[in-house]
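1. below: sequence and its predicted model.
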Amino acid sequence: MPIDLNEHLKNKQSNPRPEAPKNSDQPNKPPPFKPTLPPNFLQSKKFTGFVIILIVLVLLILAKPFMVIQSGEIGIKVTAGKYDPLPLQPGIHFFIPIVQDILVIDTRVRTINFSRTEDMGIVGKNQGIFRNDAINVMDSRGLTVSIELTVQYRLNAQTTPQTIATYGLSWEQKIINPVVRDVVRSVVGRYPAEDLPIKRNEIAALINTDINKEVSKLPNAPVHLSSIQLREIVLPPKIKEQIEKVQIARQESERVKYEVERAKQEAQKLAALAKGEADANRIKAQGVADAIVIEAKAKSAANLSIAQSLTDKLLNLRQIEVQGQFNEALKANQNAQILLTPGGAVPNIWLDTKSKPKALAVQEQHK
């Protein structure tokens, strides 16, 4: 049976406690404080409202009917299993517990490393870096080649609800991974293994173009590709050794070609120097010959001028002058002999000697 609080208080006031006997030796102490509730408090509307508010707050804390979406994320409201087509932007959003829920999807740039090495394993979804196995490809001759590359991508924020509804939360393994592997196999399979290192840039450009083309064909444009980087082409050991031998032979051929070209240039240099020296000597000899010719022509012209100037009268005059000189000489030396040249040409031979044997010897020498 419930106790009436008001009746209890009335009885308490009508039957007070007997006071303790006063002792003059002890000091007076105040009675202890006892809190009292207002009348009919437990039955008042305020108390009922307070309880209801308290219960609601407890339920809100336990149910947490709100979600805070950070920058670089998109929210998808799910109502009874159905995705809302409009994505929720960063901020605080409320939902009805049990009936509704909000999925938070990261739309920042993500990275998949197709690699053989284990040190590039999954870093974590929070970092957005994943590792898949390297792509094994058959070349045009059926040899196995391993391709390592890195793909960076991000979700299209506007179509995120449709993408998650179609592919689920593991959407990247259903979109990026198969497209990349199919394109790489298609492109690399056109070349023989030994040509892959030589045509690396061409192959990387084709892979980039074809992956972008295939992703653009997907409905609702689910992802945007940021970059595709071809990191390494791992060849079979035999092909690698063969390529190394070819490169060594090519380097040796280039070295021999360089030596031949260098020797050819040296020969051309020596030939040019010899030709230059020969041209210089020829020019010098031609100059000397020209000088001799010029001198000879000058002498010839002088002799011709002299010959043209020698007339009979001039010769007779010169002979007379010489004979006059002989006559003067005979006056000083009567034993001198004069030998006249044939035709009476000038000069004559003058022998100034008194010894006849010696004079005869001189005459014999001039015959």
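-> That came through, no problem. Numbering: from 1, shown residues only.
2. tell me the SS of residue 147?
-> Assigned with DSSP: H, G, I helix; E, B strand; the rest coil, residue 147 falls in the strand class.
3. quick check: chain neighbours aside, which residue is closest to it?
-> residue 135 (4.5 Å; Cβ to Cβ, 6 or more residues apart in numbering). (Each C-beta comes from the backbone N, C-alpha and C, glycine too.)
4. that neighbour touches residue 179, doesn't it?
-> No. Between residue 135 and residue 179 there is no contact under Cβ atoms under 8 Å: 11.7 Å.
5. where in the protein is pLDDT low?
-> Low-confidence segments of the chain (pLDDT under 70): 1-45, 47, 60, 63, 117-126, 310, 315, 334-367.
6. all helices in it, in order from the N-terminus.
-> 5-14, 45-63, 160-167, 171-188, 200-216, 237-309, 312-332, 356-365 (DSSP state H).
7. wait, which of those is closest to residue 75?
-> The closest of these to residue 75 is helix 160-167. By Cβ to Cβ, the value is 9.1 Å.
8. what sits up against that closest one?
-> Helix 160-167 has contacts (Cβ atoms under 8 Å, 6 or more residues apart in numbering) with 74, 76, 83-87, 103, 105, 107, 155-156, 171, 174-175, 219-220, 222-223.
9. among these, the buried ones, what's the PyMOL command?
-> Applying 16 or more other Cβ atoms under 10 Å to the contacts of helix 160-167, the buried members can be selected in PyMOL as follows:
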select buried, resi 74+76+83+87+103+105+107+155+156+171+175+222+223
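10. so which of the contacts of helix 160-167 are in strands?
-> 74, 76, 83, 103, 105, 155, 223 (DSSP state E).
11. distance of the fifth one relative to residue 89?
-> Taking Cβ to Cβ, to the nearest Å as the measure, residue 105 falls 12 Å from residue 89.
12. for the two, list the residues in contact with both.
-> 74-75.
13. OK, contacts around residue 78?
-> 84, 100-103.
14. before we move on, what about residue 107?
-> Applying Cβ under 8 Å, 6+ apart, the residues near residue 107 are 72-74, 154-155, 157, 160.
15. hang on, the earlier thing: could I get the contacts of residue 78 in a markdown table, plus columns for distance to residue 164?
-> As requested, these are exported to a markdown table (distance: Cβ to Cβ, whole Å):
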| residue | distance to residue 164 |
| --- | --- |
| 84 | 11 |
| 100 | 16 |
| 101 | 13 |
| 102 | 12 |
| 103 | 7 |
